[in-house]
Each structure stands twice: as C-alpha cells, then as structure tokens.
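Trainee: No letters, just coordinates:
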C-alpha cells in the first residue's frame, strides 16, 4: 500500500477537496496535501488522539491545507452533499461497525464523478475484505468500480459516484 500506488489510484489533478477517513498517524496525509496543491485535505477520525498527532505532524512540515474533524464515519458525515472530490480509506473500512452506512454517507458527500479509494492489506488485518466482496458492497451503495492497483492481498480499489 505504497504512496505511489495511492497516487495512481486517486489520479488527483490538484485543487481538489479530499476526505481522508481514519488517517491514523498521517502516513498518507502529508502526501495527499502536497498532491492536491491548492486544494484541501479533510481528515476525519473517531479518535482525537490520531487527529491531534496528524495535525502536529503536518504543521511541523509547514503544510497548511489540512483540517481535522472528529466524527464517526458510520454515522452522518459532517460535510454538505456533493462537497468532496475524493474520499480515501486505507486499512480503515473493516474497522467501521456499519460499513454499509459509511459507504452511503460517502456517496452522499461525493460530487458527481467523485472518487472513493479503499486500501486494504490481508497480512495482519483481521478486518480484511476481498475485492469481490468489497465491490458488491460499494455497488449496493450506488458507486461503481473503475479498477484497482496492487495485488489482491494488498490493493487500492477505486470507485466512482
């Protein structure tokens, strides 16, 4: 689940608004912020400690286009309808108790043509979900698959609204 593979899956053009759900310690956040250039990265997590850690990290690097929101992705996302260009979840989706509700909320906030990229790795993740099953769930939420990057055991799956 390299940053290069995420960049390939997202295909950002700059100036976009990206939602990163569950940024953890910010491994991808700083790169996302650089890739969107004059755009913004919204990080959302249920744990304030993770948000605080990531915000300290990006601020120390002089990155100013990241903002944080404390919220549960399985409930109502704190963003207006059709306000996000792309959403990213890396090794997070399986940890959301109601993943199907989260997918519907992500669809709601994505702009038409917006992208959802879900990264998952089988090794060491008890919540790993195979591509076939994930595709079915995302399709039921009203988005369609456009491909994946990486092998089936460590992939970034790309979907569009």
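Mentor: Good, I have the coordinates. Only a predicted model underlies this, so the values are computations on that prediction, with no experimental measurement involved.

Trainee: list the contacts for residue 46?
Mentor: 22, 70, 71, 72, 73 (C-beta atoms under 8 Å, 6 or more residues apart in numbering). C-beta: built from backbone N, CA, C; applies to glycine.

Trainee: Could you report the neighbour count for residue 91?
Mentor: By other C-beta atoms under 10 Å, 19 other residues sit near residue 91.

Trainee: contacting residues for it?
Mentor: Going by C-beta under 8 Å, 6+ apart, residue 91 touches 1, 22, 24, 119, 120, 121, 125.

Trainee: what about residue 30, which helix or strand?
Mentor: Element membership of residue 30, judged by DSSP states H and E, is helix 29-35.

Trainee: which residues of this structure fall in helices?
Mentor: Using DSSP state H, the helices of the chain run over residues 3-10, 29-35, 48-60, 99-109, 131-140.

Trainee: Once you drop chain neighbours, what's closest to residue 157?
Mentor: Counting by C-beta to C-beta, 6 or more residues apart in numbering, residue 148 is the residue found nearest to residue 157 once chain neighbours are left out, at 4.6 Å.

Trainee: correct me, but the one you found touches residue 134?
Mentor: No - using C-beta atoms under 8 Å, residue 148 is not in contact with residue 134, being 9.3 Å away.

Trainee: residues shared between the contacts of these two?
Mentor: Residues touching both residue 148 and residue 134 (C-beta under 8 Å, 6+ apart) are residue 157.

Trainee: And the pLDDT for the closest residue to residue 126 other than its chain neighbours?
Mentor: Nearest non-adjacent residue to residue 126, counting by C-beta to C-beta, 6+ apart: residue 94, 7.8 Å away. With respect to pLDDT, residue 94 scores 91.

Trainee: Enumerate every residue touching residue 94.
Mentor: Taking C-beta under 8 Å, 6+ apart, we find residue 94 in contact with 120, 125, 126, 127, 128, 129.
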